[in-house]
Structures are given as structure tokens and as C-alpha cells.
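J.: Provide a 3D model corresponding to the input given below.
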Amino acid sequence: MGFNDILEDVGSMGKFQIIHILLLTSPSLLLTMHNLLQNFLAAVPDHHCRIPLEVNDSRYANVTGRLQTEELLRVFIPLDQDQQPEKCLMYSSPQWHLLDLNGTHANVTEYHTQKCTDGWTYDNSKFKASTVTEWDLVCDQRSLRWITQSIYMAGLLVGAMVLGRLSDKWLPESARWLILNDKADVALEQLRRVAKTNGKEVKGKELTLEILKSSMKDEQLTTKNKHGVLDLFRTPVIRKIACCTMLAWFATGFAYYGLAIDLQGFGVDIYLIQFIFGAVDVPAKFIGFISMSLIGRRFTHSTSLILAGCVIVANIFVPKELNALRTSLAAIGKGCLSTAFSCCYLYSGELYPTVVRQTGMGLVSTTARVGAMIAPIVRLSGDYVSFLPMTIYGGVAIVAGVAICALPETRNNPLPETIEGIENRAIKSAEKDKDSKRSDISLHETHQSLMKQTV
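T.: Numbers count the residues shown, from 1 in each chain. Predicted coordinates:
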């Protein structure tokens with residue numbers, strides 16, 4: 001009896017698995033809310049330089065108390081190219097003559113301006129307060145807004161490494177892993193627990209340590225030594241899997257959070273676009289599930305990343321005035337990246353052999369968090385070249401999608417157990433391809449020979 005047969009006997013998908021899926025996904029829902037909270041906690045309201053309360057010119061000192069806000073702005077704050085008050089500049093001295101709307105004056109850009117000297121005034125109609133208004137993270141300090149998001153993502157990375165092991169105390173280990181690590185008695189206890197929960201208690205009682213050890217005998221012979229991160233890079237096939245999956249996870253986290261942490265940049269109501277970005281995940285994950293089940297993991301993962309990258313890059317060429325189109329393209333890109341995240345977890349878990357699966361998944365999830373941590377910093381490049389951040393996000397996603405094409409398909413294939421098994425499978429596959437090519441060449445030559453004899 002093989003180990004896969006044992007899993008089928010105790011219930012490969014039943015009440016036990018459903019309960020643990022719910023336990024794992026429930027905290028994930030809350031985590032997503034925290035990851036995207038930057039859009040609201042660090043929202044940037046409309047702002048302009050604070051108008052000085054004291055006016056040095058005694059001739060107009062008493063006038064300021066009688067002027068409306070719009071008139072004061074006209075006197076103290078220049079207008080930008082959109083005829084809106086400048087966010088970071090003010091006149092070096094009050095321009096009282098601008099109150100005369102019927103008069104003719106030189107262009108505003110000819111007046112001397114300076115940076116804000118008394119802080120800023122914020123529009124509190126949408127957001128009563130945010131980290132931006134609390135610490136004046138605007139103008140010369142606007143880059144710090146993105147740094148706060150990177151610090152948060154760095155905290156998630158450190159927390160995952162430090163506290164991640166605590167989760168092993170209440171989640172059951174993989175039975176395969178337990179047997180391969182000389183813990184067959186614990187594996188037997190876990191499998192009987194699974195069988196009881198799934199309503200197959202009789203099958204569970206029939207299991208013995210001898211049956212479990214016999215089912216994994218071949219694998220145990222090749223896994224006497226402990227495996228670490230370095231084992232993911234020692235042999236050619238597993239090294240290719242590690243490098244490609246690391247790139248895929250990094251690109252997915254990098255592009256996903258690069259797109260999702262600046263909803264204000266699309267020029268649409270932030271609450272509306274947040275709803276759209278959340279709603280698009282439902283059909284995206286459903287389509288991804290169907291595609292992975294019917295077509296394959298590799299095709300779905302590669303296509304979702306390449307399509308997301310192309311959509312992100314294409315959005316650069318859409319005029320800012322077309323807010324609806326820009327939002328639609330961004331939503332499509334966000335949906336594709338959500339599909340890619342789903343593929344990451346399933347596809348990578350099926351690529352890594354049992355003996356290093358936990359190590360491999362830990363490594364790739366770390367690279368995803370690194371990508372999410374770097375994404376806000378890349379936003380800073382937009383201060384110099386406006387289209388550069390989206391170009392980088394989209395370009396990295398496309399490169400990762402292409403790299404995934406080098407990985408093997410895992411749909412309907414048994415889970416690999418050992419590194420040696422993966423290497424041998426690759427060698428056999430390569431030899432099979434060579435034999436197939438030789439056969440095709442031989443058939444072609446035979447066909448050519450027959451054609452010559454006929455002539």
C-alpha cells in the first residue's frame with residue numbers, strides 16, 4: 001500500500017481539511033485589511049501653505065480679518081497649472097493687488113515664491129486626520145509616507161520569522177514529513193485523528209506503524225540527513241525550481257502592493273476604488289481555480305503574471321483624464337495578481353519535494369514579503385520620472401511570468417517526495433524527449449527515402 005492510498009483511506013478531503021482551511025484563511029482575511037490600511041491611514045488630503053496670521057504690512061493688517069478664505073488664498077498662495085492653489089509654495093510677500101479682479105496684472109509665475117514657512121492647511125472634509133496631516137508628510141517630506149509602509153512590511157517579515165514557529169504548536173504537521181523525520185508514531189496519531197474527524201474511524205484503526213513505515217520505506221532511505229535552505233540550490237532541477245519560484249513570489253508581492261497602496265493616484269473616490277479592488281478578487285480567484293484545474297498550474301500562473309504586467313504598463317499611456325479607463329485597467333491588473341497569488345501557494349507546494357517543502361515555502365514567502373517591502377520605496381522614483389514605478393512593477397511581473405514557463409507542470413502528478421526523485425524524473429523526461437525527437441527524425445528520413453524510391 002502506497003502512502004497516497006493511506007491518505008485516501010483516511011479522507012484526503014473531508015471535514016478535517018475543511019476545518020483547518022477555515023482556521024488558516026480567517027486570519028488571512030484580517031491580514032489583508034491591515035496590509036491595505038495605508039491607503040486610509042496615510043491618505044493625502046488637499047492642502048496648501050498655511051496663511052500667516054500676522055501681516056507685516058500695517059496698511060493691510062486690519063483688512064485680513066474681513067477677507068474670505070478664497071480672497072486670502074489669492075493674496076498669499078499662487079496657482080498651479082490646473083488653476084488650483086499650489087501645495088508647496090507661497091508668495092514671498094502678500095500680493096494685495098490681486099484682490100482687484102478687474103485689474104490687469106503680470107503672470108503669477110513672475111512673482112517671487114518660497115516654500116511654506118508656517119506649515120500647511122489641510123482639507124478635512126474626507127479625512128479628519130492621517131499620518132500625513134499628523135506629521136506633515138507632504139512636499140519635501142512626502143517620501144516618508146512610503147517609508148512608513150515599507151517599515152510596516154518589514155515588521156511583517158521579521159514577525160513571520162520570529163513568531164512563525166509558534167503556529168506549529170496548534171497546526172498538525174504533514175504526515176509525510178513526520179514519517180521521513182522518524183516520527184512515525186506522531187504521524188499515526190495524526191492520521192487516526194483525521195480519519196475519526198472525516199468519519200472513517202475504522203480505516204484509521206487499521207493503520208499501524210509497520211504499514212506507515214513500509215509505505216515510506218524508499219523515501220526514508222534517501223532522507224537520513226537533515227535538509228536546509230542550501231539543499232534547495234545544490235542540484236540543477238531543484239535549484240531551477242527555487243530560483244523561478246522565488247522570482248515569481250517576489251514579483252507577485254512587489255507588483256500587487258505597488259498597485260494597491262496608492263489608490264488615490266487613480267483620481268477616483270478612494271472608497272469606491274477600494275470596493276472595486278476588493279470585489280474583483282472574487283471572479284479572479286474563481287477563474288484562476290477553474291484554469292488551474294482544467295488547463296494547468298504553469299499556464300495559469302505564467303499567464304496571470306504576464307497579463308498583469310502588460311495591463312500595468314499599458315495604463316501608463318492612458319491619459320489621466322480618463323479615470324474610468326485607468327481604474328478598469330488597474331482592477332484587471334489587481335485581479336490577475338490575486339490569481340497569481342493563489343497559484344503561488346498551490347503551484348510552489350506541488351513543485352517542492354516533501355523533505356524540503358516547508359523550507360522552500362518559507363523561503364519563497366519571505367521573498368514575497370521582501371517584494372512588498374520594496375514596492376513602496378520604488379514609488380519614490382515617480383518624483384523624478386512619473387511613469388517609472390509602474391514600468392518597474394509591470395516589467396518585473398512580465399519577467400517572472402516568462403520564467404515560470406521553465407518549470408514543470410504539476411497538474412494530476414503525484415507530489416514529489418525527495419530531491420533525488422525530482423532529479424531522476426527530470427533526467428527521464430529529458431531522455432524521453434530525446435528519444436521522441438530521434439523517432440521523429442527517423443520517421444522523416446524514412447518518409448524521404450520512400451518518396452525518392454517512388455519517384
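J.: show me the contacts for the residue nearest to residue 175 when sequence neighbours are not counted.
T.: Closest residue to residue 175 apart from its sequence neighbours, by CB to CB, 6 or more residues apart in numbering: residue 187 at 4.4 Å. Any C-beta I mention is one placed from the backbone N, CA and C, and that applies to glycine too. Residue 187 makes contacts with 173, 175, 178, 179, 212, as judged by CB atoms under 8 Å, 6 or more residues apart in numbering.
J.: one more: residue 325?
T.: residue 318.
J.: which stretches of this protein form strands?
T.: For the chain, the strands defined by DSSP state E occupy 47-49, 89-91, 113-115, 120-122.
J.: could the contacts of residue 187 be laid out in CSV, adding pLDDT, distance to residue 236 and neighbour count?
T.: Compiled in CSV, the contacts of residue 187 are given as follows (pLDDT from 0 to 100; distance: CB to CB, whole Å; neighbours: other CB atoms under 10 Å):
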residue, pLDDT, distance to residue 236, neighbour count
173, 61, 29, 14
175, 76, 29, 24
178, 78, 29, 21
179, 77, 27, 26
212, 77, 32, 21
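J.: quick check: which of the strands of the chain is nearest to residue 200?
T.: strand 120-122 (62.6 Å; CB to CB).
J.: gap between residue 350 and residue 343?
T.: 10 Å (CB to CB, to the nearest Å).
J.: for these two, indicate the residue with more neighbours.
T.: A count of neighbours by other CB atoms under 10 Å puts residue 343 above the other of residue 350 and residue 343, at 26 against 17.
J.: roughly how far apart are that one and residue 15?
T.: Relative to residue 15, residue 343 is positioned 27 Å away (CB to CB).
J.: domain parsing of the protein, as residue ranges.
T.: What automatic domain parsing lists as the domains of the chain is 1-25+125-221, 47-122, 225-441.
J.: how far out from the middle of the chain is the last one?
T.: Between the mean C-alpha point of domain 225-441 and the mean C-alpha point of its chain there is a distance of 8 Å (CA atoms, centre = their mean, to the nearest Å).
J.: residue 23: how many residues sit nearby?
T.: Neighbours of residue 23 (other CB under 10 Å): 11.
J.: quick check: mean pLDDT of stretch 379-393?
T.: For stretch 379-393, the mean pLDDT works out to 89.
J.: my guess is residue 215 meets residue 175, correct?
T.: No - at 10.1 Å, residue 215 does not count as touching residue 175 under the criterion of CB atoms under 8 Å.
J.: which residues do the two both contact?
T.: residue 3.
J.: would you map the helices across the stretch 201-350 of the chain?
T.: Residue ranges of the helices in the stretch 201-350 of the chain, as given by DSSP state H, counting those that start in this stretch, are 201-206, 209-215, 217-221, 236-260, 270-279, 281-294, 297-314, 323-351.
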